[in-house]
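Novice: build me a model from this:
(2 chains)
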Protein chains: 2
Amino acid sequence: MRKTDILIVGGSAAGATAAITAKRHYPDKEVTLVRQEKQVPIPCGIPYIFGTLGDASRNIIPDTLLENNGITLKIAKVTAITPDRLTIETTAGSIACERLVLATGSVPGRLPVPGFDLDGTFPILKDIPHLVNLQKRLQQATHVVVIGCGFIGIEFADEIHKMGGKKVSVLEIAPYCLSLAYDREFCEEMESAVRARGIDIRTNAKVREIKGQQQVEAVVLADGTEIPADVVIFGVGALPNVEIAKAAGLQLGPTGAIAVDRAMRTSREHVFACGDCAEKISFFTGCPSPLRLASIATLEARIAGANLYSVRREHDGTVGVWSTAIGNLAMGTAGLTETAARQNGYDCVATAVEGPNRHPGGMPGGAPTKLKLVFEKNTGVLLGGQVRGNESSGEMINIISACIQKRMGAEDLATFQMGTHPALTASPISYHLVNAAEMALAGMRNK
Amino acid sequence: MRKTDILIVGGSAAGATAAITAKRHYPDKEVTLVRQEKQVPIPCGIPYIFGTLGDASRNIIPDTLLENNGITLKIAKVTAITPDRLTIETTAGSIACERLVLATGSVPGRLPVPGFDLDGTFPILKDIPHLVNLQKRLQQATHVVVIGCGFIGIEFADEIHKMGGKKVSVLEIAPYCLSLAYDREFCEEMESAVRARGIDIRTNAKVREIKGQQQVEAVVLADGTEIPADVVIFGVGALPNVEIAKAAGLQLGPTGAIAVDRAMRTSREHVFACGDCAEKISFFTGCPSPLRLASIATLEARIAGANLYSVRREHDGTVGVWSTAIGNLAMGTAGLTETAARQNGYDCVATAVEGPNRHPGGMPGGAPTKLKLVFEKNTGVLLGGQVRGNESSGEMINIISACIQKRMGAEDLATFQMGTHPALTASPISYHLVNAAEMALAGMRNK
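Specialist: As a prediction, this is how the structure comes out:
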């Protein structure tokens, strides 16, 4: 039987990061990563294969990342794990280890409606041959329907629309797209922007059936509307891939993912889990969090990888930070939306500031930028933020994330020391973050 | 004698922000702002008048900012203040107040070399008629020399070069441009970028004389080199404008600016000062800081404005956060450079990470991005950071600033919860901030 010190199962964002982190923290240990895919797509880059990159081969996590860090890569399917003996079975033989990290990711959700498995229906698999096949089918398609209007659904729709010559529809069962990520006013702006690009967004749209003989022909809604479809894509979320963990008797958590503590340890000694396959708790409530994002996966991998031989760091819980971009419109969210904060029982003050992200506003490259902050009313602690603007929104939301992580309050934000530049940011007089905080403080004084 | 509750002297970034903040915190008080300029230029936008905006009138702080906040504006020159009676004398009569805020800004430095005041030499004044005159002279000029290669000098040189048909030289007495803001490797990159745009940068260049009869003809260096010049611009820093404060007997600080405490109170009761005219101390050492930036001015104005009738917030000291952009190259700095940290007696670990700010790297709009972090070696506390990339660098540096302000350590940064997006940021596996922190931790473990 082959032996290694640290064995990582899974080669996507979590697996690769766990391997790199393990090697950084325990440089004398041999780290082996086992995965079944020859090539691993960058998960968040998948939609961009179709309209922007043009080829799945341009969206690969490079194996040099592993090689340069001295990690041994083994391509094989893992069929079983035996936690008590710290061994795994693979299609290429058994491997024993001192520490085992499960980073088995997720499997795409499908809708349990009639016709869900007709030819021409596609889940979103993080698998290059599958994506190459999907791209071929899309090239021949005239009518494409994306089911699910979260950020992946929107990005798929927009990228497919960019391919040209297609009627693209996106269906959302909720009253707004992206409603888990943003408050309604932001969702509506994104909907308008996507519609303005020629994409058919339908909200409150419940799918009754996918119609066709062998090949998909149309998507039928609960109200009887038929939308013609040559290809149907399911962007309806992901479920933790816990098959081998469950078979091995590892404890699962309330959402069905592998149960882990704050150090990312599973119920079995020396076995860790991270990424989409692992349970998450909210930074705010400590309750289970359904978020599955590559950035969360890499954080968990950095915790697991550091803790393999002694606990060096613990998880504060998932803040939930992510962003979306359609054309020049970018949006970011961190922490709780106002809606989510109120649902969770917080008494909030929410303020929004809108203005250019350059100064003067006529400087090139700018965009009207809106920033909303949500504070707990009595303590002034920042609970969340949302940004809408152009590309700098992607990093603006990370400023807000830093503030949330350190539980900064409105007063901290009102006296924030930001750098500003005419060609890069808003003016220091009207810097969004600071002004939104000052407005919130005024709201708290008047409570 | 006219009376008001809160009286602000000065209408640039500090004055306007102090007025708005005062009104926000004390909405029942009458706030009056007195300034001598009919129109106030946006200070950091001044270089961009020449190449990008094309007209000084496109770089104005709008008076609607004051009007919309219910602030009374009075255009007059303040000739004297009497702190004991809380009155001021202006060219349009006397005004009495309950609280007085001095935001008198700075005056540009000039070099005490022969010929410094010849016709064709220009300090950088925050004054529209002066800037209009400078623009006219530049339009007729063929040879332009900018003395001082800080960020303002570089931005002026680049913007004047954009006007076309000119030979532009920038002179720096130090061995590198921008050496107060960045470590040497960043300075050298900026120098190369500026040179590649066709601008003549000369470092280690000490000016001996400005030559000419009435009109400037050339700048003569200490080594005898003569550089022809139709226009000479002094970008050699600014000195606090404390004339009326000094005449009124207000205490000055070690750098000659108005002495203030952490609440921005001067030595006289009910008199506050903020912005370039006020003394600053470093967030790190508590020693006087020579930095004068609009963003620092607005922070101080937010502190002064909030504290007028009771102390609501205090100054933690100046972190020092700013950025620079030349074409598509942008750089940002926050806190201490490695050089400055070592000069201040810190034992440091500095790490740098370079990679694309998109993922995959082939996504459009990206740029190779370099991030350097400086940590105190024993505690792991973040002391500073520098970024080089494209426009998102302007907000990336503010993430680092947030981390510095809350005295976050390498461990906090290694477990930072960032949002990532293919079209907006680096990949979560190789996010610069987090990887630089992990590398620093490895360095600290091996100490």
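Novice: quick check: residues of the stretch 151-300 of chain A near chain B?
Specialist: A:283, A:293-299 (C-beta under 8 Å from any C-beta of the partner chain). Glycine gets a C-beta too; all of them are placed from N, C-alpha and C.
Novice: show me what residue of the stretch 1-150 of chain A gets nearest to chain B.
Specialist: residue A:45 (4.6 Å; C-beta to the nearest C-beta).
Novice: surely that residue is in contact with residue B:362?
Specialist: No. Judged on C-beta atoms under 8 Å, residue A:45 makes no contact with residue B:362 at a distance of 9.2 Å.
Novice: identify the contacts common to the two.
Specialist: residue A:53 (C-beta atoms under 8 Å, 6 or more residues apart in numbering or on different chains).
Novice: higher neighbour count, these two?
Specialist: Neighbour count, other C-beta atoms under 10 Å in any protein chain shown: between residue A:45 and residue B:362, residue A:45 has more, with 26 against 17.
Novice: not counting sequence-adjacent ones, nearest residue to that one?
Specialist: Nearest non-adjacent residue to residue A:45, counting by C-beta to C-beta, 6 or more residues apart in numbering or on different chains: residue A:59, 4.2 Å away.
Novice: does that neighbour really touch residue A:47, like I thought?
Specialist: No. Here residue A:59 lies out of contact with residue A:47, judged by C-beta under 8 Å, at a distance of 9.5 Å.
Novice: for the stretch 1-150 of chain A, what are the low-confidence residue spans?
Specialist: Within the stretch 1-150 of chain A, no range satisfies pLDDT under 70.
Novice: quick one: the strands in the stretch 301-447 of chain A?
Specialist: Taking DSSP state E, counting those that start in this stretch as the criterion, the stretch 301-447 of chain A contains strands spanning A:321-326, A:329-335, A:348-356, A:368-376, A:382-389.
Novice: helices and strands around the fourth one, which ones?
Specialist: Same thing as strand A:368-376. On a contact count with 3 or more C-beta pairs under 8 Å, 6 or more residues apart in numbering or on different chains; DSSP states H and E, strand A:368-376 meets helix A:338-343, strand A:348-356, strand A:382-389, helix A:393-405, helix A:410-414, helix A:432-445.
Novice: now do the contacts for the residue lying closest to residue A:43 once chain neighbours are set aside.
Specialist: Nearest residue to residue A:43, sequence neighbours excluded (C-beta to C-beta, 6+ apart): residue A:294, at 5.0 Å. The contact partners of residue A:294, by C-beta under 8 Å, 6+ apart, come to A:12-13, A:43-44, B:420, B:427-428.
Novice: ok, now how distant is residue A:294 from residue B:416?
Specialist: As judged by C-beta to C-beta, to the nearest Å, residue A:294 and residue B:416 stand 14 Å apart.
Novice: ok, now which ones touch the nearest residue to residue A:419 once chain neighbours are set aside?
Specialist: Distance criterion C-beta to C-beta, 6+ apart; nearest residue to residue A:419, sequence neighbours excluded, is residue B:321 at 3.5 Å. Residue B:321 makes contact with A:417-419, B:295, B:332-335, B:397-398, B:400-401, according to C-beta under 8 Å, 6+ apart.
Novice: for the residues you listed, which one is nearest residue A:154?
Specialist: For these, the closest approach to residue A:154 (C-beta to C-beta) belongs to residue B:398, at 27.4 Å.
Novice: pretty sure the closest one sits against residue A:413.
Specialist: No. Counting by C-beta under 8 Å, residue B:398 does not reach residue A:413; the two are 11.6 Å apart.
Novice: for these two, indicate the residue with more neighbours.
Specialist: Using other C-beta under 10 Å as the criterion, residue B:398 and residue A:413 rank with residue B:398 on top: 29 against 26.
Novice: got a list of what the more buried one touches?
Specialist: A:395-396, A:399, A:418-419, A:425, B:321, B:332, B:334.
Novice: okay if I get those residues as TSV plus distance to residue B:69 and pLDDT?
Specialist: Output for the contacts of residue B:398, formatted as TSV (distance: C-beta to C-beta, whole Å; pLDDT from 0 to 100):
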residue	distance to residue B:69	pLDDT
A:395	29	98
A:396	24	98
A:399	25	98
A:418	21	98
A:419	25	98
A:425	22	98
B:321	26	98
B:332	30	98
B:334	30	98
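Novice: so what's residue A:96 up against?
Specialist: Contacts of residue A:96 (C-beta under 8 Å, 6+ apart): A:1-4, A:85-87.
Novice: how about the most centrally placed residue in chain A, phi and psi?
Specialist: Note on chain A: the residue nearest the mean C-alpha position is residue A:293, at 2.6 Å, using C-alpha atoms, centre = their mean. Dihedral pair for residue A:293: phi -140, psi 150, per degrees, to the nearest 10.
Novice: ok, and the closest non-adjacent residue to it?
Specialist: residue A:322 (5.5 Å).
Novice: look up phi and psi at residue A:240.
Specialist: Main-chain torsions, residue A:240, degrees, to the nearest 10: phi -60, psi 140.
Novice: excluding sequence neighbours, find me the nearest residue to it.
Specialist: residue A:257 (3.8 Å).
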